[in-house]
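Q: I'd like to go over a predicted model; first the sequence, then the structure.
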Amino acid sequence: MEKLIRFGVSVPKNLLKKFDKLIKARNYGNRSEAIRDLIRESFVEEEWTHAIDIAGGISMVYDHHHRQLVNKLIEAQHKFHNLIISSQHIHLDHNNCLEFIVVKGKAEEVKKLYNILKSTKGVKHVGLMKSTVGKEIV
């Protein structure tokens, strides 16, 4: 395990009160763990702004009865097959499906796939979960 360094942080009293409520609501054991996660999240966001490999997921909800929609979604995914590690299709009810696509590659390419899926007529919702391949994160 890497050596831990202690340092002080000055924040307004009200901000610290709000932060303490937040870390309690998120079940952190202490401020240090919460701050470490915030720092890591900043690094992940930074990775997504540079041309390095990232990982993440795209979630999508759609009505599979919508004319030609499934074919359009499959076609879009095949165009970006080099990014897609895995996908899972879940039947939510008679009409609605949830699909989760795990991706790894350049952030710009993942964003292109995300935007194509999101703008496809008949898709009800698309979400993007940004993550990291972990090489740059401590």
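A: Noted; the coordinates are in hand. Residues are numbered from 1 along each chain as shown.
Q: what's the strand or helix carrying Ile39 in contact with?
A: Taking DSSP states H and E as the criterion, Ile39 maps to helix 31-47. Applying CB atoms under 8 Å, 6 or more residues apart in numbering, the contact partners of helix 31-47 are 9, 19-20, 22-23, 26, 28, 54, 107, 130-132, 136-138. Using the backbone N, CA and C atoms, a C-beta is placed for each residue, glycine as well.
Q: C-terminal to that helix, what's the next element?
A: Moving toward the C-terminus from helix 31-47, the next helix or strand (DSSP H and E) is strand 53-63.
Q: So what touches that following strand?
A: 44, 47-48, 69, 73, 92, 95-107, 110, 113-114, 117, 122-135.
Q: among those residues, which are in strands?
A: Assigned to strands by DSSP state E, the following of those qualify: 96-106, 123-131.
Q: buried subset of those residues?
A: For the ones in strands among the contacts of strand 53-63, a burial check counting by 16 or more other CB atoms under 10 Å picks out 97, 99, 101-106, 123, 126, 128, 130-131.
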